[in-house]
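Engineer: give me coordinates for this.
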Amino acid sequence: MESPPRSRAASSHLELAQPSQGFQLVASTQVKTAKKVILGLTLLITMNTTNPLRAGDVNEGQLNFLPNETIFHNLVGDPREPQNSLIAQVDQGRFEGSIGKFIELLQWIPGDGSRWGWGIEGDSFIELDSLGGGVFPERVSDWYLGTYFSEKTGNLSHRLEYLHVSSHLGDELFDQYERFIYTRESFRYTLSYYPLADQIRVYGGLGYYPHMAPDDNRLFAHLGAEIYTQPGAFLFGTIGQGYFSYDLKVKGEAGGVANQQFEWGLQWKGTPESNSAVRLALIYFNGNSEYGQFYLFPESHWSLGIFFDP
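Structural biologist: So this is what the prediction gives:
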C-alpha cells in the first residue's frame, strides 16, 4: 500500500531535502545518531540484565529493593508501552522491533492493604522497510526514557509517569526528507481496574506535554480494555489463554488525532500467576503514526507480532 499523500501541515515539517545540504546533513546526523544508539543500547542492555542484589518477594511493612514484579501490570494493548517485540506489517511490507522494560527500583507495603512503587522505564522502537534482496533499511526510530510512581489497592491500581521521547529519521529517507527535531516531555496518569479478577481489565487516563517540539496542542487522553479467557493446559505442561485488547489515544496535536489498536492473541505462560509470558498476536492499527517523525501522517495496517513480556 502506498503512503498517504502529505497534508499541508505535514509538508511544513517534512520538505524535500535540498541538494546543497547533502554531505553535511548526513555526516552530522549519523554521528549524533551513532552516539545515541550506543548510549541507548548500553542503557537497555543494563536494564534487561538481572541484578544480583535483587531482593525478591516483597515483605509487608518494609521497603524492598528491586522486587520481582511491578505493582502496575503492563498495558498489553498499548503500542508504546515498554516491551520486547518483533512485528511484521503484513500489508505494508515493513517490520518493527522494540527493546524495553520497566524496572521497579523500590516497593513499599505499609500494611494497610496498599502497595507503592517507584521505578524507571525505557524503550527503543524501530521501523524498517523491506526493499527486497534481503535489504531492510531503517525508516525511523523512537527513544523513550522516564520514571514513574505506582500504587495498588485490591483490583485498583494507579501509575503516574514522567516520560521523555525523541524521534529520529532513518538513513533511508535522508535524501527524501529534511529531518526535523521531534521531542516530547510528558506527564501521564493512568488508572487501571480489574472488575472480574484477572479476566477483564479497563484503564484510562490523561496526559500533558510541558514541552513539545514542534509545538502543538499539549493535552491527550488514553483509555482501553483487556479481556482474557480462562487459562488452560497448553504445550509441555505450560499454560495458555486467549486475549483481546483495545487501546485508544486521543491527542490534541495535528488538529486532533484518535489512534486505535485492536489486538487478538494467545498468551503462553509457565504458570497462571506468572507475569512472564510469550504472546502471539494479530494487530490492527488505525490513526496517525506512532513514530514521531511521521506523527502528521495517517496510517492503517494489519500486523503479526510476537511479544516477550517480562
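Engineer: residue 140 belongs to a strand?
Structural biologist: Yes: Residue 140 forms part of a strand when assessed by DSSP: H, G, I helix; E, B strand; the rest coil.
Engineer: look up the residues forming beta bridges with it.
Structural biologist: Taking DSSP bridges as the rule, residue 140 bridges to residue 127, residue 169.
Engineer: tell me which residues touch it, please.
Structural biologist: Going by C-beta atoms under 8 Å, 6 or more residues apart in numbering, residue 140 touches 126, 127, 167, 168, 169, 170, 173, 291, 292, 293, 294. Where you see a C-beta, it was placed from the backbone N, CA and C, and this is true even at glycine.
Engineer: report pLDDT for the spatially closest residue to the last one that is not a sequence neighbour.
Structural biologist: Setting aside the residues directly before and after it, residue 294 is nearest to residue 140 in space (C-beta to C-beta, 6 or more residues apart in numbering), at 6.6 Å. pLDDT for residue 140: 94.
Engineer: ok, residue 275 next?
Structural biologist: pLDDT at residue 275 comes out at 78.
Engineer: what about the strands in this structure?
Structural biologist: With strands called from DSSP state E, the chain shows them at 63-65, 85-89, 94-108, 114-129, 138-153, 156-169, 182-196, 200-213, 219-228, 232-233, 239-251, 257-269, 277-288, 298-309.
Engineer: list the helices and strands the fourth one packs on?
Structural biologist: When contacts are defined as 3 or more C-beta pairs under 8 Å, 6 or more residues apart in numbering; DSSP states H and E, strand 114-129 packs onto helix 22-47, strand 94-108, strand 138-153.
Engineer: what's the shortest one packed up against?
Structural biologist: Meaning strand 94-108. Strand 94-108 packs on helix 22-47, strand 63-65, strand 85-89, strand 114-129, strand 138-153, going by 3+ C-beta pairs under 8 Å, 6+ apart.
Engineer: the same query, at a cut-off of 10 Å, please.
Structural biologist: helix 22-47, strand 63-65, strand 85-89, strand 114-129, strand 138-153, strand 298-309 (3 or more C-beta pairs under 10 Å, 6 or more residues apart in numbering; DSSP states H and E).
Engineer: and the contacts of residue 140, which is the shakiest by pLDDT?
Structural biologist: Ranking the contacts of residue 140 by pLDDT, residue 173 lands last with 72.
Engineer: what about the closest residue to that one other than its chain neighbours, how many neighbours?
Structural biologist: Leaving aside its sequence neighbours, residue 173 sits nearest to residue 139 (C-beta to C-beta, 6+ apart; 6.4 Å). Other residues lying near residue 139 total 20 when counted by other C-beta atoms under 10 Å.
Engineer: how much space between residue 139 and residue 84?
Structural biologist: 20 Å (C-beta to C-beta, to the nearest Å).
Engineer: mean pLDDT lowest for which of the helices and strands packed on strand 94-108?
Structural biologist: Minimum mean pLDDT among the helices and strands packed on strand 94-108: helix 22-47, a mean of 44.
Engineer: endpoints of stretch 133-144, how far apart?
Structural biologist: 32 Å (C-alpha to C-alpha, to the nearest Å).
Engineer: got the buried residues for that stretch?
Structural biologist: 138, 139, 140, 141, 142, 143, 144 (16 or more other C-beta atoms under 10 Å).
Engineer: so the last one touches residue 121, yeah?
Structural biologist: Yes: in this structure, residue 144 sits in contact with residue 121. The criterion is C-beta atoms under 10 Å, and the distance is 7.2 Å.
Engineer: mind listing the shared neighbours of the two?
Structural biologist: Residues within reach of residue 144 and of residue 121 at once, by C-beta atoms under 10 Å, 6 or more residues apart in numbering, are 81, 82, 100, 163.
Engineer: burial count for the second one?
Structural biologist: I take that to be residue 82. The burial count for residue 82: 25, using other C-beta under 10 Å.
Engineer: need the pLDDT of the closest residue to it other than its chain neighbours.
Structural biologist: Of all residues not flanking residue 82 in the chain, residue 100 sits nearest, at 3.5 Å (C-beta to C-beta, 6+ apart). pLDDT, residue 100: 96.
Engineer: got a list of what residue 100 touches?
Structural biologist: Here residue 100 is in contact with 44, 47-48, 80-85, 121-125, 143-145, 310 (criterion: C-beta under 10 Å, 6+ apart).
Engineer: and if we set it to 7 Å?
Structural biologist: 44, 82, 83, 84, 122, 123, 124, 144 (C-beta atoms under 7 Å, 6 or more residues apart in numbering).
Engineer: hmm, which of those residues are the buried ones?
Structural biologist: Buried among those by 16+ other C-beta under 10 Å: 44, 82, 83, 84, 122, 123, 124, 144.
Engineer: now the fifth one. Nearest residue, chain neighbours left out?
Structural biologist: Spatial nearest neighbour of residue 122, excluding adjacent residues (C-beta to C-beta, 6+ apart): residue 145 at 4.7 Å.
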